[in-house]
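Visitor: Would you be able to build a 3D model of this:
(one chain, ligands or ions: 2)
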Amino acid sequence: MKLNLNIQPLSSWIKTSSEPLVISGPCSAETEEQLVATAHLLAQTGKISALRAGIWKPRTRPGEFEGIGSIGLEWLKRAKAETGLPTAVEVATAKHVEEALAAGVDILWVGARSTANPFTVQEIADALKGVDVPVMVKNPVNPDLSLWVGALERINNTGITKLAAIHRGFSSYEKSAFRNEPMWDVAISLKTLAPELPIINDPSHITGNRDLIGYVSQKALDLDMQGLMIESHIDPSVAWTDAKQQVTPAALADIIDHLALRKPEVKNSEVNDKLAELRNQIDKIDDLVIQKIAERMQIAEKIGQYKKDNNITILQVGRWDEILQKRTTYGKALKLSGEFTEKLLELVHSESIRRQTEVMNAEASQGQAEKLTHA
Ligand code: PEP
Ligand code: MN
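Guide: Ligands and ions are numbered 1, 2, ... in the order given. The predicted structure is shown next:
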């Protein structure tokens, strides 16, 4: 299936100052000084194509800082006039759209919480009727590709053709190193559905941690995403929102300098271009294979826990024989040699057993400790 979106290329609405395309600026506009000073430092790096700032902030709990509001639009005007950087803000209501457009904001984006709500997206889309402004749509907070697609369609249907998606990761119940799980395969699926739709990665909201921004940015570029949106602040330690994930403009420049822009090895050669394309496909598949093996290990741990709770041994020879038999037959049907599939399974299985054993032992010592304390 392919999506039927009417899209203009990214280069038609944003001038890439340097590779890769980077949109940066504070999570929230806090004061005129903070915004304008950050904008100047960003502009001086020469690596930024647009200035972002949250003016209206969707906060999880009431009573937290909910954005500086309309006055911030005046500060953005000043930042733009002084630095020449186009500006981008999040809009969540028709009123936000009207105010942002009236203030000359260049790019609008729909936030993750809004994308999750079709009523909100439709309200924004209706307010955009007849307007020619670039719009970026963040993925919804939950990993639902259809919601993301639906929001892009609603905005596109209203006549907005300068359209991009922003991949900012997904809220997850499981604890991990990330604030929002990247679930790269969801973004890859979107790319597959709409190859012409630019996808911009937001490593700030994926990681929630400035130390991991470089790593996620590199991964995004390696997956052929078209740009990055990274939060920056003149003094992140005192930021009113998302302090842990913001970086100074200097740190941002350093992150960008360390990114490898992977291009085909030899230019102007059809052969090498083709080779690079194939390697890119292999890289993506390998990432998925690793991700899937990691997911398999997590399930193995759950099984370990379950076996422990029900007094079942880790290894059941019957089950292992069945896995070997079924998978090698399947492998052969897909032209993988029986020997290869067997070796691969053995490796995966032994790691799986190791992980299950760890779970059991952890439980055993905890159980013993409990017995001792209750003794
Ligand atoms: C933001 O960009 O500051 C923001 C609120 O992001 P998200 O909608 O991804 O949570
Ligand atoms: Mn933020």
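Visitor: distance of the closest residue to Leu21 other than its chain neighbours from Ala79?
Guide: Nearest non-adjacent residue to Leu21, counting by C-beta to C-beta, 6 or more residues apart in numbering: Gly227, 3.2 Å away. Placement of C-beta: from N, CA and C, glycine included. Per C-beta to C-beta, to the nearest Å, Gly227 is found 20 Å from Ala79.
Visitor: Ile200 is in contact with the residue nearest to Leu21, correct?
Guide: Yes - assessed by C-beta atoms under 8 Å, Gly227 is found in contact with Ile200 at 4.4 Å.
Visitor: what's the overlap in contacts for the two?
Guide: Residues within reach of Gly227 and of Ile200 at once, by C-beta atoms under 8 Å, 6 or more residues apart in numbering, are 21, 23.
Visitor: Give me the neighbour count for the residue in the stretch 201-350 of the chain that ligand 2 sits nearest to.
Guide: Going by C-beta to the ion, ligand 2 is nearest to Asp242 of the stretch 201-350 of the chain, at 3.9 Å. Counted with other C-beta atoms under 10 Å, the neighbours of Asp242 add up to 20.
Visitor: Spatially nearest residue to it (excluding sequence neighbours)?
Guide: That would be Cys27: by C-beta to C-beta, 6+ apart, it lies 4.0 Å from Asp242.
Visitor: so how far is Pro143 from the residue of the stretch 201-350 of the chain closest to ligand 2?
Guide: When Asp242 is compared with Pro143 (using C-beta to C-beta), they lie 21 Å apart.
Visitor: residues from the chain in reach of ligand 1?
Guide: Residues of the chain lying close to ligand 1 by C-beta under 6 Å from any ligand atom are 27, 54, 58, 90, 111-112, 138, 168, 205.
Visitor: wait, which of these is closest to ligand 2?
Guide: Nearest to ligand 2 among these, with distances taken as C-beta to the ion, is Cys27, at 3.3 Å.
Visitor: show me what contacts that closest one?
Guide: 54, 57, 204, 231, 233, 239, 241-242, 245-246.
Visitor: Repeat the analysis, applying 6 Å as the threshold.
Guide: Residues near Cys27 by C-beta atoms under 6 Å, 6 or more residues apart in numbering: 54, 231, 241-242.
Visitor: who wins for neighbours among the residues you listed?
Guide: Result: Glu231 is most packed of those (other C-beta under 10 Å), 28 neighbours.
Visitor: all strands in the chain, in order from the N-terminus.
Guide: For the chain, the strands defined by DSSP state E cover 21-25, 50-52, 87-90, 107-110, 135-138, 163-167, 199-201, 227-231.
Visitor: What strands flank the fourth one, and is each parallel or antiparallel?
Guide: Right, the one you point to is strand 107-110. strand 87-90 (parallel), strand 135-138 (parallel) (DSSP bridges).
Visitor: Relative to the whole chain's centre, how far out is the first one?
Guide: If you compare the mean C-alpha spot of strand 87-90 with that of the full chain, they lie 18 Å apart, counting by C-alpha atoms, centre = their mean, to the nearest Å.
Visitor: ok, now which ones touch the residue in the chain positioned nearest to ligand 1?
Guide: Nearest to ligand 1, among the residues of the chain, is Gly111, at 3.2 Å (C-beta to the nearest ligand atom). Remark: with contacts taken as C-beta under 6 Å, 6+ apart, Gly111 is in contact with 58, 90, 138.
Visitor: let's see 7 Å
Guide: Residues near Gly111 by C-beta atoms under 7 Å, 6 or more residues apart in numbering: 58, 90, 92, 138.
Visitor: so where's the stretch 251-375 of the chain shaky on pLDDT?
Guide: Across the stretch 251-375 of the chain, the ranges flagged by pLDDT under 70 are 263-268, 363-375.
Visitor: where along it do the helices fall?
Guide: Using DSSP state H, counting those that start in this stretch, the helices of the stretch 251-375 of the chain run over 270-309, 317-333, 338-374.
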